[in-house]
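K.L.:
Sequence unavailable; structure follows:
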């Protein structure tokens, strides 16, 4: 944007498009985050970069991937319930333990994120294998049909 | 027209909160137009205080600020533990049963004496206005006196909104007044409001607001660029995400050896734990005088509104009036709609957007000024109190017409 930008020159949807293109070009969206990111637009929780939704599937792998996608982040900040004194004591304990708990939680979350991505990749590859099997079956059927036609033609010629 | 009674869970001439400010603005400006207004409320001090404690004395007083009558009634004692348990589920986004909804509403802020007064003086009032939707005073008032009930619900798509009790309650009221079009669309998606008169009104804003950046920097001794958050600091407002994102922003900059001196200034009540890694980069000022808030807005690079559940967001309007742009959460239809309509700021849907938008603001001061100017024009055009009260009076004058149309701003 030039130094003399006026109010009329601003098109924020265009600016957002440029910002998002820049993010993709730099690969910033491929760098794992140290926490689970939630999006609220569709009411569901997806992990950063998750490309496929397995939630409507009923098999064990899909169920596990869906579970991992929404639960892989371990939070060090659960809501503290109880009366004021209990909450205060819990806060003090949490504060005292923070210096060694928080780095571990952060590492665990990064690790969990990678477990999740591996599980997602396994599920996607499983789908691709199933798709290839379908194509293979289809081709086998076509080969069988062709063989039958060819042998029938041969019989006719003979 | 007879009196209009504004029924609210608490009232104070200067207590914080979006709905509280909206009620003060409406009562003040309707009163100035010659409409007889009364505030009917409990003796509870404010949202953040103990709802079992009658802070104010019961009885009739006059608001020093507005000059309108306030009638206060003692609050009914609640089972806080029961309420907190259910509210804990709701905050975590869990679905609750109709029985739990009932407990939640019964153990909310309520006043039997207030409802009794409304029943005994029913004929003295043309309408009862309620705000916002989730409090006991609104729910039980609407259940008991639906034909005179006009609700300014401030709906958000949150767990409370999906109570079956609210769906049946609000389908029987006289009128619903919304802060923005997405709120109207949300309500009509989930509730059957065929028999309810509805108006998308918006909120009036004091358009004389200005801020002094130098005064703020001198008073609070803050140097360098900063983003500002103004509002209640809790999970419901998504401030925890803002802090997480802000921490990640600095961690990424540090990992690339491009450390940033951007700070985060927090203004408002509530409690939130600041992550240790960014403690030196966050200035939590708590409550400050209102002019200091405007000065802070003028001094900041931009204001961030991370909430995905806003029904209006006065602070983004104030930021524009103080000539600074805003960054909003794209998951919030209302604030994103304001930003897109005005070309007054940017929006984020994830961390990468957040980081990209911050970098854009920091690198493009001329665009920041232009966005803020757009936002300021937008506020003045749509949300001056004169325009708001004209629209509201028009709505009230036609409430008993049999028009099928829904009135829009």
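P.N.:
Looks like it came in fine. Predicted, not measured: the structure shown is a model, and the values here were computed from it.
K.L.:
got the buried residues for the helix or strand bottoming out on mean pLDDT in chain B?
P.N.:
When each helix and strand of chain B is scored by mean pLDDT, DSSP states H and E, helix B:80-91 comes last, with a mean of 87. Buried residues in helix B:80-91, defined by neighbour count with 16 or more other C-beta atoms under 10 Å in any protein chain shown: B:83, B:86, B:87, B:90, B:91. (Each C-beta comes from the backbone N, C-alpha and C, glycine too.)
K.L.:
For residue B:243, which non-adjacent residue is closest in space?
P.N.:
Spatially, and ignoring its direct neighbours in sequence, residue B:243 is nearest to residue B:275 (6.0 Å; C-beta to C-beta, 6 or more residues apart in numbering or on different chains).
K.L.:
and the one you found, what are its phi and psi?
P.N.:
Dihedral pair for residue B:275: phi -60, psi 140, per degrees, to the nearest 10.
K.L.:
Pretty sure residue B:245 is one of the things it touches, is it not?
P.N.:
No - counting by C-beta atoms under 8 Å, residue B:275 stays clear of residue B:245, with 10.9 Å between them.
K.L.:
Tell me which of the two has more neighbours.
P.N.:
Just comparing residue B:275 and residue B:245: by other C-beta atoms under 10 Å in any protein chain shown the higher neighbour count belongs to residue B:245, 24 against 19.
K.L.:
Could you double-check that that one lies in contact with residue B:354?
P.N.:
Yes - judged on C-beta under 8 Å, residue B:245 makes contact with residue B:354 at a distance of 4.8 Å.
K.L.:
Whether stretch B:53-61 contacts chain A - can you check?
P.N.:
No - shown here: stretch B:53-61 not in contact with chain A (C-beta under 8 Å from any C-beta of the partner chain), separated by at least 13.8 Å.
K.L.:
residues of that stretch that come out buried?
P.N.:
Within stretch B:53-61, the residues scored as buried using 16+ other C-beta under 10 Å are B:54, B:56, B:58.
K.L.:
Mean confidence (pLDDT) on stretch A:94-105, please.
P.N.:
Stretch A:94-105 shows a mean pLDDT of 84.
K.L.:
Pass me the low-pLDDT residue ranges in chain B, would you?
P.N.:
Within chain B, the stretches with pLDDT under 70 are B:402-409.
K.L.:
same thing but at 80, please
P.N.:
Confidence mapping of chain B against pLDDT under 80 gives the ranges B:16-18, B:91-95, B:236, B:257, B:309, B:311, B:400-409.
K.L.:
Let me see the ranges of the strands in it.
P.N.:
Assigned by DSSP state E, chain B shows strands spanning B:3-8, B:37-42, B:59-62, B:69-73, B:125-130, B:149-151, B:175-178, B:197-200, B:226-230, B:263-267, B:282-286, B:302-305, B:326-329, B:345-348.
K.L.:
For residue B:75, which non-adjacent residue is closest in space?
P.N.:
Counting by C-beta to C-beta, 6+ apart, the residue nearest residue B:75 is residue B:42, at 4.6 Å.
K.L.:
Compute the number of surrounding residues for that neighbour.
P.N.:
Residues lying near residue B:42 (other C-beta under 10 Å) number 28.
K.L.:
ok, back up a step: please name the residues that touch the residue nearest to residue B:243.
P.N.:
Residue B:275 makes contact with A:102, B:243, B:244, B:247 under the criterion C-beta atoms under 8 Å, 6 or more residues apart in numbering or on different chains.
K.L.:
and residue A:104, how many residues sit next to it?
P.N.:
Using other C-beta under 10 Å, residue A:104 has 11 other residues around it.
K.L.:
Doesn't it lie inside a helix?
P.N.:
Yes - counting by DSSP: H, G, I helix; E, B strand; the rest coil, residue A:104 is located in a helix.
K.L.:
where's the closest residue to residue B:107 other than its chain neighbours relative to residue B:90, distance?
P.N.:
Nearest residue to residue B:107, sequence neighbours excluded (C-beta to C-beta, 6+ apart): residue B:83, at 3.8 Å. Distance, residue B:83 to residue B:90, using C-beta to C-beta, to the nearest Å: 10 Å.
K.L.:
now do residue A:120
P.N.:
Taking C-beta to C-beta, one finds residue A:120 at 31 Å from residue B:90.
K.L.:
before we move on, what about residue B:109?
P.N.:
16 Å.
K.L.:
just residue B:339 next, same as before
P.N.:
Residue B:339 sits 28 Å away from residue B:90, going by C-beta to C-beta.
K.L.:
And for residue B:15?
P.N.:
Taking C-beta to C-beta, one finds residue B:15 at 23 Å from residue B:90.
K.L.:
now swap in residue B:113 and tell me
P.N.:
Going from residue B:113 to residue B:90 by C-beta to C-beta gives 28 Å.
K.L.:
which residues are in contact with stretch B:154-168?
P.N.:
Outside stretch B:154-168, the residues that touch it by C-beta under 8 Å, 6+ apart are B:18-19, B:22, B:89-91, B:93-96, B:98, B:101-102, B:104-105, B:131-134, B:139, B:178-179, B:183, B:186-187, B:190-192, B:236, B:309-312.
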